[in-house]
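> when you get a sec, could you give me coordinates for this:
(2 chains)
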Amino acid sequence: MSVAALPRGSLFAWAVPVAGVAALLLAFGWHISVGAKTIPLGTVMEALVAYDATNFDHVVIVDLRLPRALFAVLVGAALSVAGALMQGVTRNPLAEPGILGLLIGASFAVVVFVGVFDLAPPALIPLVAAIGALAAAVTVWGISTAAPGGATPLTLVLAGAAITAFLGALITAANLLDEETFEELRVWLTGSLAGRRLDVLPWALPWLAAGLVIAFGAARQVTALAMGEETAVGLGMNVGRLKALVLVSVIALTAASVAIAGPMGFVGLVVPHAVRLFVGQDYRLVVPWSALAGAAYLLVVDIAARMALAPVEISTGLVTALLGAPIFVWLIRARL
Amino acid sequence: MTAGLFTRLEGPVTFALPTRALCVLGLLLGLVAVVLVVSLMTGSYALDLPGVLSTLTGNAPSAIADTVVWQFRFPRTLASFGAGALLALSGATLQNVTRNPLADPSLVGVSQGAGLAVVAAIVLFPQLPYGLRPVLAFAGALAVAALIQWISMRRTGGATMRFILTGIGVAAFISAATSAMLTYGKIDQAMAALGWLAGSVHAAGWSDVAVLGLALIVLVPALFAASRPMAALRMGPEMAVALGVRVGRARVALITLSVALAAAAVAMVGPLGFVGLVAPHLAHRLARSGVGLHLGLSAAAGALLVGAADLAGRALFAPIQIPAGIVTAVIGVPIFVALILRRQGSPS
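Next up is the predicted model:
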């Protein structure tokens, strides 16, 4: 059943978003309560409402688990919205920040920056990530439009794979040349919410907010563009301006999430496709629902990453890849 | 492919040797020899040319020179040549069979499958004998190849591009699984696996050279025996059927061969990226030739590529060694992009 089909103002039109937010809150609470020591949900609520610094559980919740849950919410929402926008604008079901090379571009820029300047100021990390993501996006887009046949899903994915292989090799080489600096980056490079980037968070938030605001604002026009460029032009839209806006939004969202958690692949692929199954093709619904579902998805994935092989923790980015890659293969079979 | 065929069609008298291709082959082999000698000379214990030559003939100028050349540099260089030749042959075969110029064992996940199998063995059963690695690598690579074929072939027959895309997805999945395996494993085992995964020949000894040589001795004759059906498949399944090739059987046999070639190389030196893509393409650009000679040219180009990559990797940033796999990826990706840009609607 599609949400869009529901009559406006009916009980259900309100009930569904409320249920979605409730599910997100539930996932949030669950995420905080599980871990090396399971803390009951009641204590979690208590710690958030009435913090007691002498209670060890409260300290663990507020200092360790709450930031991690927040990271998951922010990164999940950012990457999912970025993926939804990219799929709409490039009209390519396989588009996603990871597959098209934006994540590796941002990561590479951060690696170089941190490697060259030992005391990298956290304020600049989102900016550096944004520059890297933009350069990667421009390169991939340039390669695929110059290829015979234009920017088809195939050429975009191949160009993204090429960028990923190239920068991945350079990152490994940089890693070998300067092992000490990269010791701390190694976990971050697999996509981790383990929360060592707390200092970056306040600097990443403006990027995230800007990206989301643009995404919500442009959603209506993205719906038209997703139907085809002729349709959009016929509706009197300035397609070039819209594309530039969406690019800014995607870059900002990607940069913020890479700065917080490293490259987290396939989140932007899985979530928007799942959301579209329920709400249809209207991006006014796809974008907010992607944000909500992406946040909940990454919370649940992170729970799995922490619990699957406990006490060993798998990087969250690896779990998103393990879940997302089969969906990618399925999409190739179903849509191409 | 066409030179031999056409001379036979045009008349039994013409016996045109593909002169240019043979010259190029000789040139490539000469360059391989140059790389070998330079590689033996280069390192923290530098040797001059007479020193290397006298060491090779058994009159080492010093005991250190003898050890350095015979125990470290010589097996390492030979291993890089062997791995390069195997990967190039694997790529050339895969490209001919799938009729896809972008097919490469490392791009479509075959190398990663071999890598996952070996890493799983290192991490889960560390006491497993070293000699089982090629077998495990072959099993892993074959499983991935079968999986990709199965996924990409089920809907329509000629799914060449879906094959590549599916391979990219499968490769991403396997890489993540391998990394997860490394997190799960104990740190020393993980480090052993990590060095190998970067695609490095730095630890190669004579046992590795022996395995690579054995793989070449067994698999290359099989490949040349199959070069006729390969030539037919390269013209498309319809043409191959018309030429009397059992397409299904030939395809399975050749892909299995290609997987075995890649698995042998990966088991010994780790997944070296893009060699299987670049070397056959280079061979193609240097000289047009029949399938058999093209395979020979590809093998020589692959050996040269990996040998030079290893040499560059350890000479450029000495004393730090950059694994050959990283150098081949950095060289290979621009060529891959050039191939994407040149690719026409259907592969030629």
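
> flag every residue of the stretch 51-200 of chain A that's near chain B.
Neighbours of chain B within the stretch 51-200 of chain A, by CB under 8 Å from any CB of the partner chain: A:94, A:143-144, A:146-149, A:153-155, A:157-159, A:161-163, A:165-166, A:168-170, A:172-173, A:176-177, A:190. For glycine as for every other residue, the C-beta is placed from the backbone atoms N, C-alpha and C.

> buried among the residues you listed? Make that a ChimeraX selection.
Entered in ChimeraX, the line below selects the buried ones among those, by 16 or more other CB atoms under 10 Å in any protein chain shown:
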select /A:94,143,144,147,153,154,155,157,158,159,161,162,163,165,166,168,169,170,172,173,176,190
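
> can you tell me how far residue B:125 is from chain A?
17 Å (CB to the nearest CB, to the nearest Å).

> residues near that residue, how many?
By other CB atoms under 10 Å in any protein chain shown, the residues close to residue B:125 number 11.

> pLDDT score for it?
In this model, residue B:125 is scored at 80, pLDDT.

> could you pull up phi and psi at it?
Residue B:125 adopts backbone torsions of phi -130, psi 70, taken as degrees, to the nearest 10.

> that one and residue B:133: what is the separation?
To residue B:133, residue B:125 is 11 Å away according to CB to CB, to the nearest Å.

> check residue B:98 too.
27 Å.

> between these two, point out the one with more neighbours.
residue B:98 (27 against 23).

> correct me, but the more buried one touches residue B:163?
Yes - with contact defined as CB atoms under 8 Å, residue B:98 reaches residue B:163; the gap is 5.8 Å.

> so where is the stretch 101-250 of chain A shaky, pLDDT-wise?
A:119, A:179-184, A:195-197 (pLDDT under 70).

> tell me which parts of the stretch 201-348 of chain B are close to chain A?
Residues of the stretch 201-348 of chain B found near chain A (CB under 8 Å from any CB) are B:273-274, B:317, B:320-323, B:325-326, B:329-330, B:332-334, B:336-337, B:340-345.

> now the buried members of the residues you listed.
Buried, going by 16+ other CB under 10 Å: B:273-274, B:321-323, B:325-326, B:329-330, B:332-333, B:336-337, B:340, B:343, out of these.

> just flag the most distant two among these.
B:321 and B:343 (35.1 Å; CB to CB).

> report pLDDT for the residue lying farthest from the centre of chain A.
Computed with CA atoms, centre = their mean, the residue of chain A farthest from its C-alpha average is residue A:54, at 35.9 Å. Each residue has a pLDDT score; the one for residue A:54 is 83.

> can you list phi and psi of it for me?
Torsion angles, degrees, to the nearest 10, at residue A:54: phi -90, psi -10.

> wait, residue B:310 touches residue B:77, no?
Yes - contact status for residue B:310 versus residue B:77: in contact at 7.2 Å, counting by CB under 8 Å.

> give the contact list for residue A:269.
Residue A:269 sits next to A:83, A:94, A:95, A:96, A:98, A:99, A:324, A:327, A:328, A:331 when contact means CB atoms under 8 Å, 6 or more residues apart in numbering or on different chains.

> now restrict these to buried residues only.
Members of the contacts of residue A:269 classed as buried by 16+ other CB under 10 Å are A:83, A:94, A:95, A:96, A:98, A:99, A:324, A:327, A:328, A:331.

> I'd like to know which of the residues you listed is nearest to residue B:148.
Using CB to CB, the buried ones among the contacts of residue A:269 come closest to residue B:148 at residue A:328, 12.9 Å.

> spatially, which residue comes closest to the closest one, not counting chain neighbours?
residue B:169 (4.2 Å; CB to CB, 6 or more residues apart in numbering or on different chains).

> pretty sure the one you found sits against residue A:322.
No - using CB under 8 Å, residue B:169 is not in contact with residue A:322, being 11.7 Å away.

> so these two - more neighbours on which side?
Ranked by neighbour count (other CB under 10 Å), residue B:169 and residue A:322 place residue B:169 first, with 28 against 24.

> and the spatially most central residue of chain B, what helix or strand is that in?
In chain B, the residue lying closest to the centroid (CA atoms, centre = their mean) is residue B:87, at 0.8 Å. Assigned by DSSP states H and E, residue B:87 belongs to helix B:74-98.

> just how off-centre is the helix or strand just after that helix within its chain?
Counting by DSSP H and E, the next helix or strand C-terminal to helix B:74-98 is helix B:110-124. What separates the centre of helix B:110-124 from the centre of its chain is 17 Å, taken as CA atoms, centre = their mean, to the nearest Å.

> got the angle between helix B:110-124 and helix B:74-98?
130 degrees (axes from the mean of the first three to the mean of the last three CA atoms, to 10 degrees).

> how about helix B:110-124: buried residues?
For helix B:110-124, by 16+ other CB under 10 Å, it's B:110-123.

> before I go, just wanted to say thanks for your time.
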